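K.L.:
Pasted the sequence and its predicted model underneath.
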Amino acid sequence: MKTASGSSWLKTLSIYTHPRVLGMLSLGFSAGLPLLLILGTLSFWLREAGIDRTTIGHLSWIGLAYSFKWLWSPLVDRMPLPVLTRILGRRRAWLLLSQIVIALALIGMASTDPVINLAHMVFFALAVAFASATQDIALDAYRIEAVALELQGAMAATYQAGYRTAMILASAGVLWIAASIDSSAATYDYLPWRFAYLVMAGCMSVGIITTLIIREPDVPFSRLLAENEHYARHAIARWNLGPRLTSFLVWLYGALIAPFRDFILRHGKQALLILALIALYRISDVVMGVMSNPFYVDMGYTKEEVATVSKVYGVLMTILGAAIGGLLIVRIGIMRTLFIGAVLSAATNLLFVWLAGRGHDVSGLVFTISADNLSAGIASSAFIAYLSGLTNTAYSATQYALFSSVMLLLPKFVAGFSGQFVDAYGYESFFIATAMIGIPVLFLVRLAGRATFQTAAAVNKTDARK
């Protein structure tokens, strides 16, 4: 006989059988596939082809497309695509277009030998980056609009599972495919890389087929959009600019200004607190992550050990952590899960202090990476769900793109000084410092949670009076 508690947990687990939650597995795969193909894996290819390290380093700036996606997110939010939007809806139309462009650009990369024409390779890699960032904008908006807030944790978990699986394929998988048909490992051969990247282009069909199958989110035209358009048209009409220019400026206001104005108006004084939490929540993990690979090398771990433990096993632990995070959100709520994730993210960095004292210890590496990646998965699920809850469905793509950009800006900047810190003070002090910078995040989560509770209470009180 099942206990009440057992039945309750089984009911909670059933959230992962929701069709749209399952669909995020394939869409997450489509989102995770391009990233390493234009960064880490491409760097490996270029170096094997004899491209100098300085050039390879400069080409890493291709990834900046993801940091500036908020610049064109209003277009994805508001601009219909000819034919596609009418047939598929605004989210699926942009998803399909970006996925097709990614696949075609990957075919272009596969068809280009960087030794012969590096400029063409850069062009196609930029096309992949731009289309991939656009896919992220449309996909984040779809995820937010497709299900209710209580299912956002599960959506985030399955998204991460698909995303991380694709990253394994785009890194270790590509190297394995290329190596399996490489007749001479001692010299550079373009053909194995061509075949491997063509396979990756074919793998984009997973996302394309899923986009064609899923239903467009049923989000009616927001009254807020109509009110903002009326407000803008009334204000701009005073300038007597003519009907066409007035209509264009009204659209521009709705696409660029209204989403940010809406966020400030909805959250008021709490907006700065929320932005501070977004900017700092992942700082502990991001700063520590930059020095993790150099740390493994300096501790004497081999490429095979790091690849097996960190790149494969570690990713699986992240997926497990994401699934646990999705369940915790349903059971105890977003803010409590967010707090648990922040505690674990900071605390597990101290395990690297312990590992540094042990030297080359594979079992210690497995334990440390297990705990670190498990906590990262929990924190990521909670954070994605939290960001999703902050957005207004009238401006899903624009607002989430802004949040995700703010999320990485400060951590990435601080992480740039991590090597200097390690050189000056050593790994142990560095890992302790990364744990310490996670402490202010705990206070921000508590303050944001209290502010959320007070806002909800005020809304309920207002509703009761009506």
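P.N.:
In hand now; what should we look at? Treat the numbers as computed from the prediction; the structure is a model and nothing was measured.

K.L.:
Could you work out the end-to-end span of stretch 354-367 for me?
P.N.:
Distance between the boundary residues of stretch 354-367 (Cα to Cα, to the nearest Å) amounts to 11 Å.

K.L.:
Flag every buried residue along that stretch.
P.N.:
The neighbour-count check on stretch 354-367 (16 or more other Cβ atoms under 10 Å) flags 355, 356, 361, 364, 365, 366 as buried. Using the backbone N, CA and C atoms, a C-beta is placed for each residue, glycine as well.

K.L.:
Need those residues in a markdown table (columns: secondary structure).
P.N.:
Rendered in a markdown table, the data for the buried residues of stretch 354-367 read as follows (DSSP: H, G, I helix; E, B strand; the rest coil):
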| residue | secondary structure |
| --- | --- |
| 355 | helix |
| 356 | helix |
| 361 | coil |
| 364 | helix |
| 365 | helix |
| 366 | helix |
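
K.L.:
between the residues you listed, which is closest to residue 142?
P.N.:
Ranked by distance to residue 142 (Cβ to Cβ), the buried residues of stretch 354-367 are led by residue 366 at 36.5 Å.

K.L.:
mind checking which helix or strand residue 144 is in?
P.N.:
helix 118-146 (DSSP states H and E).

K.L.:
Kindly spell out which helices and strands sit in contact with that helix.
P.N.:
For helix 118-146, the packing partners by 3 or more Cβ pairs under 8 Å, 6 or more residues apart in numbering; DSSP states H and E come out as helix 19-37, helix 53-59, helix 73-78, helix 90-110, helix 152-168, helix 362-390, helix 396-415.

K.L.:
between the buried residues of stretch 354-367, which is nearest residue 209?
P.N.:
Of all the buried residues of stretch 354-367, the one with the least separation from residue 209 (Cβ to Cβ) is residue 366, at 36.4 Å.

K.L.:
how far away is the spatially closest residue to that closest one that is not a sequence neighbour from residue 332?
P.N.:
Of all residues not flanking residue 366 in the chain, residue 309 sits nearest, at 5.6 Å (Cβ to Cβ, 6 or more residues apart in numbering). If you measure residue 309 against residue 332 using Cβ to Cβ, to the nearest Å, the figure is 31 Å.

K.L.:
Of these two, which one has the most company?
P.N.:
Here residue 309 and residue 332 are compared on neighbour count by other Cβ atoms under 10 Å; more neighbours surround residue 309, at 20 against 12.

K.L.:
give me every residue that touches that one.
P.N.:
For residue 309, the contacting residues are 362, 365, 366, 369, taking Cβ atoms under 8 Å, 6 or more residues apart in numbering as the criterion.

K.L.:
need those residues in CSV with pLDDT and distance to residue 75, can you?
P.N.:
Putting these into CSV (pLDDT from 0 to 100; distance: Cβ to Cβ, whole Å) gives the following:
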residue, pLDDT, distance to residue 75
362, 88, 49
365, 90, 45
366, 90, 46
369, 88, 40
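
K.L.:
could those residues be laid out in TSV, adding distance to residue 396?
P.N.:
Below are the contacts of residue 309 laid out as TSV (distance: Cβ to Cβ, whole Å):
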residue	distance to residue 396
362	44
365	40
366	40
369	34
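
K.L.:
And residue 126, how close does it get to residue 39?
P.N.:
According to Cβ to Cβ, residue 126 stands 12 Å off from residue 39.

K.L.:
neighbour-wise, which of the two wins?
P.N.:
Between residue 126 and residue 39, counted using other Cβ under 10 Å, residue 39 has the larger neighbour count: 19 against 16.

K.L.:
okay if I get the helices and strands packed on helix 118-146 as JSON lines plus distance to residue 259?
P.N.:
Output for the helices and strands packed on helix 118-146, formatted as JSON lines (distance: least, Cβ to Cβ, whole Å):
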{"stretch": "helix 19-37", "distance to residue 259": "22"}
{"stretch": "helix 53-59", "distance to residue 259": "32"}
{"stretch": "helix 73-78", "distance to residue 259": "7"}
{"stretch": "helix 90-110", "distance to residue 259": "15"}
{"stretch": "helix 152-168", "distance to residue 259": "19"}
{"stretch": "helix 362-390", "distance to residue 259": "12"}
{"stretch": "helix 396-415", "distance to residue 259": "4"}
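
K.L.:
ranking these by burial, who's on top?
P.N.:
Among those, ranked by average contacts under mean count of other Cβ atoms under 10 Å, first place goes to helix 152-168 (a mean of 26).
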